[in-house]
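Asker: Output the structure for:
(2 chains)
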Amino acid sequence: MSDTLPGLIDFDEVLEKFDPAMGLEVHVELNTNTKMFCGCPTTFGGAPNTQVCPTCLGLPGAMPVVNAKAVESAIRIGLALNCEIAEWCRFARKNYFYPDMPKNFQTSQYDEPIAFDGYLDVDVEGETYRIEIERAHMEEDTGKATHVGGSTGRIHGADYSLIDYNRAGIPLIEIVTRPILGAGEKAPQVARAYVSALRDLIKALGVSDVRMDQGSMRCDVNLSLAPKGSKVLGTRSETKNVNSLRSVERAVRFEMSRHAGVLLSGGSVLQETRHFHEDDGTTSPGREKSDAEDYRYFPEPDLVPVAPSRAWVDELRTTLPEPPAERRARLQASWGYTDLEMRDVINADAIELIEETVAAGAAPQAARKWWLSEISRRANEAGVELASAGVSPAQVAEVQQLIDEGTLNDKLARQVFDGLFAGEGTPAQIIEKRGLALVSDDGPLLTAIEEALAAQPDIADKIRGGNHKAAGAIVGAVMKATRGQADAARVQQLIIEKLA
Amino acid sequence: MPELSRDEVRHLADLARIDLSDAELEHLAPQLNVILESVASIQGVAGDDVVATSHPIPMTNVFRDDVVVPGLTPVQALAGAPAKEDDKFSVPRILGDEQ
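Answerer: All right, here's what the predicted structure looks like:
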């Protein structure tokens, strides 16, 4: 998938010679009922071209009208990012010829974003990085193109394309950082932590479902390298549509190694758009931008300016959720986690999952244990986010409750997770189907104990002689006979009682 | 003011997917140049002390409620499409072959 590479440079060597600078552009699809400029619904997954009207199809004479709820959401995002909110701003037409927008322009904002000059603090391994926000502006999403024909099913070499405009006109907020400097070796993690914190913040605001896997949150990663100590930024590449937290981290890391390879071989980095490949974590060159560079922005004459009153802005400020840092501190205190435990939870992106698991009735330590061990391991193996690993917080709480009730032990619980990952149904169904519940009836245990004692009469004698430690061998045999479904403590007790 | 060449007009027509004959190009290119010249004359009037006018009527915050209103059916939406397939608009290949 990759183009011919001049050679990737080992990450440590990159850091010896260069300082990375990053810029992150995140698009967030708002969860309004209707589109940005018309009353069409925004539901995901509708049949093609069933959520369209003359306005979002750009038919002659159709007039756009701004969705009040989208403006409100934009202002709330701006405030949550510590931004200034514009007293007066306009929409602008971004003109380009590409069939994903039937109007031949995208209605966006140009030099007058609704929110600007903010910041978001993110934690990476106990260190706080302040990510400065240059702007957050309102725009509309594009239609979805399917490329038909050609050998790869990709845009290049396709015979023709089919367009569904259901998505065209859905409100988007684009959030752009200032160059992020000084992150050094932590650059990939800082990028990930920023996108993660932004996602959590927007989720808490309730203005988007921020599903990276469904495209309601998308990230473009700009990266450049400068010789170590240099104050001048290098030429940047822009990697488009990096659509998971893990991919954000990998894209930064790959581009750092690639840029270093180009620069150290005496070449110069091209300012270009690149595509990220999930399968191998590489990037390849995208559309040539030379032709489309000039978008001929001009103020949108069909929409009047937006001038949010200070009273409205102040009112919206009172609706903001708890700031992320305060929320983390509160949750840590209520869960009783150590700093180290909490850091692991943050790094694993498990705060929300644990919060929901605890809300569903599990003890905080139990919730942490399952998410950070069993489920993390499987998510890593599958190369997916923890939240997409195939297990829900409610299911984790249910498994833990079964352990607390004595129906399962940890070993059996792991097999229940096997079943959950394999999509075999609810924990109760998996226990039933796989026959996993602990044997709670003493009858079968006593039978197994008798068989084990008969098989090892010398051990039985030792136990009779008062050597209770020797019972371990019998317990082991019983566990084996019951395929791990016995409560070991109960078996031990029964053996002692029997031989006393 | 540089003249708009016939080739540039052809390129614009191509981008806008308007099929123009040579005769039409011959006819339209000079007309577009007249329009550009007329617009250019405004540049002579607008000095640094004149603020760009985008919205002459002093009006702000025209919003609508976030309420769904019925739109078009796919049949209606695609009625004017020159080509369609599976209820989608069919458009010519977007990019050339990968280099």
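
Asker: any weak-confidence spans in the chain?
Answerer: Answering for chain A, as no chain was given. Residues of chain A that meet the criterion pLDDT under 70 lie in A:1-6, A:150-158, A:287-293, A:439-440.

Asker: that's the other chain; I wanted chain B
Answerer: Chain B contains residues with pLDDT under 70 at B:1-2, B:94-99.

Asker: tell me the helices in it, going along the chain?
Answerer: Applying DSSP state H to chain B gives helices spanning B:6-15, B:22-45, B:74-77.

Asker: Same question for the stretch 101-250 of chain A.
Answerer: With DSSP state H, counting those that start in this stretch as the definition, the stretch 101-250 of chain A shows helices at residue ranges A:187-205, A:245-264.

Asker: To chain B, which of the ones you listed lies closest?
Answerer: Chain B lies closest, by C-beta to the nearest C-beta, to one member of these: helix A:187-205, at 15.7 Å. (Glycine included, C-beta is placed from N, CA and C.)

Asker: quick one: stretch B:34-52 to chain centroid distance?
Answerer: Distance, stretch centre to chain centre, for stretch B:34-52: 21 Å (C-alpha atoms, centre = their mean, to the nearest Å).

Asker: can you check stretch A:404-411 too?
Answerer: Relative to the centre of its chain, stretch A:404-411 is centred 31 Å away, using C-alpha atoms, centre = their mean.

Asker: which residues touch that stretch?
Answerer: With contact meaning C-beta atoms under 8 Å, 6 or more residues apart in numbering or on different chains, stretch A:404-411 is reached by A:399, A:402-403, A:416, A:431, A:436-438, A:440, A:484, A:487-488.

Asker: got a list of contacts for the longest strand seen in chain B?
Answerer: If you go by DSSP state E, chain B has its longest strand at strand B:88-92. The set of residues external to strand B:88-92 that reach it, using C-beta under 8 Å, 6+ apart, is A:48-49, A:99, A:102, A:145-146, A:160-165, B:78, B:81, B:83-84.

Asker: export the helices of the stretch 101-250 of chain A to JSON lines and tack on mean neighbour count and distance to chain B?
Answerer: JSON lines is the format used below for these (neighbours: other C-beta atoms under 10 Å in any protein chain shown; distance: least, C-beta to the nearest C-beta, whole Å):
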{"stretch": "helix A:187-205", "mean neighbour count": "23", "distance to chain B": "16"}
{"stretch": "helix A:245-264", "mean neighbour count": "23", "distance to chain B": "18"}
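
Asker: Show me which parts of stretch A:444-451 are buried, residue by residue.
Answerer: Neighbour-count burial for stretch A:444-451 flags A:445-446, A:448-449 (criterion: 16 or more other C-beta atoms under 10 Å in any protein chain shown).

Asker: Mark which of the contacts of stretch A:404-411 are buried, thanks.
Answerer: For these, a burial check counting by 16+ other C-beta under 10 Å picks out A:399, A:402-403, A:416, A:431, A:436-438, A:487-488.

Asker: now the helices of the stretch 101-250 of chain A in JSON lines, with distance to residue A:30?
Answerer: Formatted as JSON lines, the helices of the stretch 101-250 of chain A follow (distance: least, C-beta to C-beta, whole Å):
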{"stretch": "helix A:187-205", "distance to residue A:30": "9"}
{"stretch": "helix A:245-264", "distance to residue A:30": "21"}
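
Asker: Neighbouring strands - and their directions - for the longest strand of chain B?
Answerer: If you go by DSSP bridges, strand B:88-92 pairs up with strand A:160-164 (antiparallel), strand B:84-85 (antiparallel).

Asker: how about the CA coordinates for that strand, as PDB?
Answerer: Only the C-alpha atoms of strand B:88-92 are listed here, as PDB (Å, rounded to 0.1, in the frame of the first residue of the first chain):
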ATOM      1  CA  LYS B  88     -27.700   7.000  -6.000                       C
ATOM      2  CA  PHE B  89     -26.400   9.700  -8.400                       C
ATOM      3  CA  SER B  90     -24.000   8.200 -10.800                       C
ATOM      4  CA  VAL B  91     -21.100  10.500 -11.700                       C
ATOM      5  CA  PRO B  92     -18.200  10.100 -14.100                       C
END
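
Asker: What segments of the stretch 251-400 of chain A are strands?
Answerer: Applying DSSP state E, counting those that start in this stretch to the stretch 251-400 of chain A gives strands spanning A:273-277, A:282-285, A:298-299.

Asker: what about those strands, which gets the closest to chain B?
Answerer: Nearest of those to chain B, taken as C-beta to the nearest C-beta: strand A:298-299 at 3.6 Å.

Asker: in its sheet, what does that closest one sit against?
Answerer: According to DSSP bridges, strand A:298-299 has the following sheet partners: strand A:92-95 (antiparallel).

Asker: roughly how far out does the partner strand sit from the chain middle?
Answerer: Relative to the chain's own centre, strand A:92-95 is displaced by 31 Å; criterion: C-alpha atoms, centre = their mean.

Asker: do the same with stretch A:227-247
Answerer: Relative to its chain's centre, stretch A:227-247 lies at 20 Å (C-alpha atoms, centre = their mean).
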